[in-house]
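**Q** need coordinates for the following:
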Amino acid sequence: MWVYPEVRTLGQVTEYHARHNRNRVALIAEGRRVCFGEFDAIANRVANALIARGVGEADRVSFFGKNSVDFYCALFGTAKTLGCFTPFNWRLSKPELAALVRDSGTRVGIVEREFASAWAEATAAAGVTVDTILIDPTHTLEVEVGDFSSDPPDLFVSEDEGAIQLYTSGTTGRPKGVILSHGGFNRMRLCEHLESAYEWHEGDSFINPLPNFHLLHIGIAIQCLYNGVSITIVRQFDPAKVLAAIAAERPTLLTLTPTMLQMLLDHPDVPATDFSSLRLTLYAGSPISLGLIKHAVAVMPCRFMQFYGATETGGAASLLRPDEHDLNDEQKLQSCGRPLPLIEFRIVDAAGLEQPDGQPGELLIRSPAIMRAYWQQAEATRSCLSNGWYRSGDVARRDAAGLYYIVDRLKDMIVSGGENIYSAEIENVLSTHPSVALVAVIGVPDVRWGEAVKAIVIPRQNQPCTEEDLVRYCRERLAAYKVPKSIDFVDSFPLVPTGKVSKKDLRSRYWIGSNRSVA
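**A** Okay, here's the model as predicted:
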């Protein structure tokens, strides 16, 4: 049943491949290639160094920096201790970082030197002292721990231990530390192993430009390394650098958020880029518009697979498989697919009653990889976990064929004149207009209806359109009450660090002074 029965914890992933595939390339960064044997030896040195610094059970080891070989060595080195790896978003303001340092109780911080002053100010503001390891291109983490043993630490790491703690983006209220266990990650690999849509080919390689403080980066990276697949590390997402890395390294696998995919396809280097090495592009992180996926399928001659999940689910909960990406079936392209093996979905109303096919309700998820808890937030944990089910906060529906569709976030649903209006439905329609590059739909105050539908559009370059054009386009495709009452044109959207549009920030300018929260 298990691919590698002897692998129980994250630290044993590198250990297994060091033993069986020692010379296989694991990491590629800026021309350097690190094989699994070397990777595991560095991770062991990191683990022994952390233990020497006093890292013990449930101690948090934080990483504050961009994508690098050091990041992976820190992650898998921590996994060989009893500590819990906690990466922080390097774009955070000092007050935001201070709040996370204080909340996590970080014992050791591994910090890139370019962020040293921000780290020092944040820890001071948090009122804590953190044992800090500063690294840079000449003094890497590998150099820092070079005097420590390359043998694995002599200790037992339980599958129930927290392996990684990731903070939610904090678009509403206090950020929550999601605790994901070693066993949860391992059981996620089992779900994937039992899923026929996941294929691993000899010579596969993955390119990873995703933010390293997000599960989309970490989850896919762990999945690839578990299966012996090398990772080309792009320090941070930049369309030109991703296209250049595709040309130089010829990866077979790519994962992006929809926003990143749009930015990539809009780059002027795309027509000259050879995408032929790619056999599969995965996308996730937020709902994709119908117009974008149709454009991507037309431009990139590879297979596409969507996965849906949340930080709390520990990985993908459902897949829209490659054979379900049919340009002649626009309805199916809007689906997030079906659950992976061993994962269950339910759709319920506000009273918890199961909804019939076609009827929207909140999506509940049961998975063997569900988070252990929110760090030090017992009430928040109880509010979203019940009898093994995770309350996703997403409004979804299922069709007669068993495909699931994410209709909206509960907090993004627009209530106008007593009608529930789902912004994603309107966004999908507008995204197919040839003059629309990106679109976000929100509710704004309305004296008569309570809320009115507003679309905010980034137009395509050299393809002008008017509000009247887009309203007319919607009237031909939507019920009258769903048609936007107004449309604004902008140059960019506010984004949360993971690349999702921050609808909270979009709404704020319209709701300031009202008696309703914009969260």
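
**Q** quick one: the residue of the chain most remote from its centre from Tyr510, how far?
**A** Of all residues in the chain, the one whose C-alpha sits farthest from the chain's mean C-alpha position, using Cα atoms, centre = their mean, is Arg448 at 38.7 Å. The spacing between Arg448 and Tyr510, counted by Cβ to Cβ, to the nearest Å, is 16 Å. Backbone N, C-alpha and C define where each C-beta goes, glycine included.

**Q** could you do Trp90 as well?
**A** 31 Å.

**Q** what does His139 give?
**A** With distances defined as Cβ to Cβ, the gap from His139 to Tyr510 amounts to 49 Å.

**Q** higher neighbour count, the two?
**A** Neighbour count, other Cβ atoms under 10 Å: between His139 and Tyr510, Tyr510 has more, with 17 against 12.

**Q** does that one count as helix, strand or coil?
**A** Under DSSP: H, G, I helix; E, B strand; the rest coil, the three-state class of Tyr510 is helix.

**Q** got it, and Arg189?
**A** Reducing the assignment at Arg189 to three states with three-state DSSP gives helix.

**Q** mind pulling up the pLDDT for it?
**A** Note for Arg189: predicted pLDDT of 97.

**Q** residue contacts, it?
**A** Taking Cβ atoms under 8 Å, 6 or more residues apart in numbering, we find Arg189 in contact with Val3, Gln223, Tyr226.

**Q** cutoff 6 Å now
**A** With contacts taken as Cβ atoms under 6 Å, 6 or more residues apart in numbering, Arg189 has the following neighbours: Tyr226.

**Q** look up how far Pro5 lies from it.
**A** 12 Å.

**Q** and Val483, by the same measure?
**A** According to Cβ to Cβ, Val483 and Pro5 sit 57 Å apart.

**Q** quick one, which of those two is more surrounded?
**A** When Val483 and Pro5 are compared for neighbours, Val483 comes out ahead with 20 against 7, by other Cβ under 10 Å.

**Q** secondary structure element for the most centrally placed residue in the chain?
**A** Computing the C-alpha centroid of the chain and ranking residues by Cα atoms, centre = their mean puts Leu216 first, at 3.1 Å. Following DSSP states H and E, the helix or strand that holds Leu216 is helix 215-226.

**Q** contact partners of that helix?
**A** The contact list for helix 215-226 (Cβ under 6 Å, 6+ apart) reads 13, 166, 189, 206, 208, 210-211, 231, 255, 284-285, 311, 315.

**Q** same deal with stretch 446-463?
**A** By Cβ under 6 Å, 6+ apart, the surrounding residues in contact with stretch 446-463 are 414-417, 430, 435-444, 484-490.

**Q** then stretch 294-306?
**A** With contacts defined as Cβ under 6 Å, 6+ apart, stretch 294-306 is touched by 261, 265, 275, 278-283, 320, 322, 325, 327.

**Q** can you give me the end-to-end distance of stretch 458-470?
**A** Taking Cα to Cα, to the nearest Å, stretch 458-470 runs 12 Å from one end to the other.

**Q** thought Tyr390 was touching Ile370?
**A** Yes - with contact defined as Cβ atoms under 6 Å, Tyr390 and Ile370 form a contacting pair (5.4 Å).

**Q** the more surrounded of those two?
**A** Legend: neighbour count by other Cβ under 10 Å for Tyr390 and Ile370, higher for Ile370 (24 against 20).

**Q** and that one, what does it touch?
**A** In this structure, Ile370 makes contact with Tyr390, judged by Cβ under 6 Å, 6+ apart.

**Q** quick one: secondary structure of it?
**A** coil.

**Q** all further residue positions should be reported with the first residue as 21.
**A** OK, 21 is where the count begins now, so the last one is Ile390.

**Q** and the helices in the stretch 371-520 of the chain?
**A** When assigned using DSSP state H, counting those that start in this stretch, the helices of the stretch 371-520 of the chain occupy the ranges 398-404, 443-451, 487-495.

**Q** weakest of those by average pLDDT?
**A** Set side by side, the helices of the stretch 371-520 of the chain show their lowest mean pLDDT on helix 443-451, which sits at a mean of 88.

**Q** ok and it relative to helix 487-495, angle-wise?
**A** 120 degrees (axes from the mean of the first three to the mean of the last three Cα atoms, to 10 degrees).

**Q** next one, pLDDT for the residue nearest to Leu175 when sequence neighbours are not counted please.
**A** Nearest in space to Leu175, with sequence neighbours left out and distances taken as Cβ to Cβ, 6 or more residues apart in numbering, is Leu102 at 6.8 Å. What the model reports as pLDDT for Leu102 is 98.

**Q** same deal with Pro307?
**A** What the model reports as pLDDT for Pro307 is 60.

**Q** Val33 now?
**A** According to the model's per-residue confidence, Val33 sits at a pLDDT of 98.

**Q** returning to that earlier point: kindly give a single PyMOL line that selects the buried subset of the contacts of stretch 466-483.
**A** Here is the PyMOL command that selects the buried residues among these (16 or more other Cβ atoms under 10 Å):
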select buried, resi 434+436+450+455+456+457+458+459+460+461+462+463+464+504+507+508
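
**Q** neighbours around Cys211, how many?
**A** Per other Cβ under 10 Å, the neighbour tally for Cys211 reads 21.

**Q** er, Leu276 actually
**A** The burial metric for Leu276, expressed as a neighbour count using other Cβ under 10 Å, is 25.

**Q** likewise for the one 5 residues further on?
**A** Residue crowding around Leu281 was assessed by other Cβ under 10 Å; the count is 25.

**Q** and if you look at Glu35?
**A** Residues within reach of Glu35, counting by other Cβ under 10 Å, total 19.

**Q** distance of it from Ala393?
**A** For Glu35, the distance to Ala393 equals 28 Å [Cβ to Cβ].

**Q** of the contacts of stretch 314-326, which belong to strands?
**A** Using DSSP state E, the members of those that fall in strands are Leu300, Thr301, Leu302, Tyr303, Leu340.

**Q** for these, which one is nearest Ile266?
**A** Relative to Ile266, the closest of those is Thr301; by Cβ to Cβ it sits at 10.6 Å.

**Q** give the contact list for that closest one.
**A** With contacts taken as Cβ under 6 Å, 6+ apart, Thr301 has the following neighbours: Leu274, Cys322, Phe324.

**Q** where does the first one sit: helix, strand or coil?
**A** Applying three-state DSSP to Leu274 yields a three-state assignment of strand.

**Q** you'd agree it is up against Ile227?
**A** Yes - with contact defined as Cβ under 6 Å, Leu274 reaches Ile227; the gap is 5.4 Å.

**Q** how is this protein partitioned into domains?
**A** Under automatic domain parsing, the residue ranges defining each domain of the chain are 215-362, 431-531.

**Q** just to revisit the earlier point, pipe the contacts of stretch 314-326 into a markdown table and attach distance to Phe176 and pLDDT per row.
**A** Written out in a markdown table, the entries for these read as follows (distance: Cβ to Cβ, whole Å; pLDDT from 0 to 100):
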| residue | distance to Phe176 | pLDDT |
| --- | --- | --- |
| Leu281 | 42 | 93 |
| Leu285 | 48 | 94 |
| Phe295 | 46 | 95 |
| Leu298 | 41 | 96 |
| Arg299 | 40 | 96 |
| Leu300 | 37 | 97 |
| Thr301 | 40 | 96 |
| Leu302 | 35 | 96 |
| Tyr303 | 39 | 93 |
| Leu340 | 40 | 95 |
| Pro342 | 41 | 94 |
| His345 | 44 | 89 |
| Leu347 | 52 | 79 |
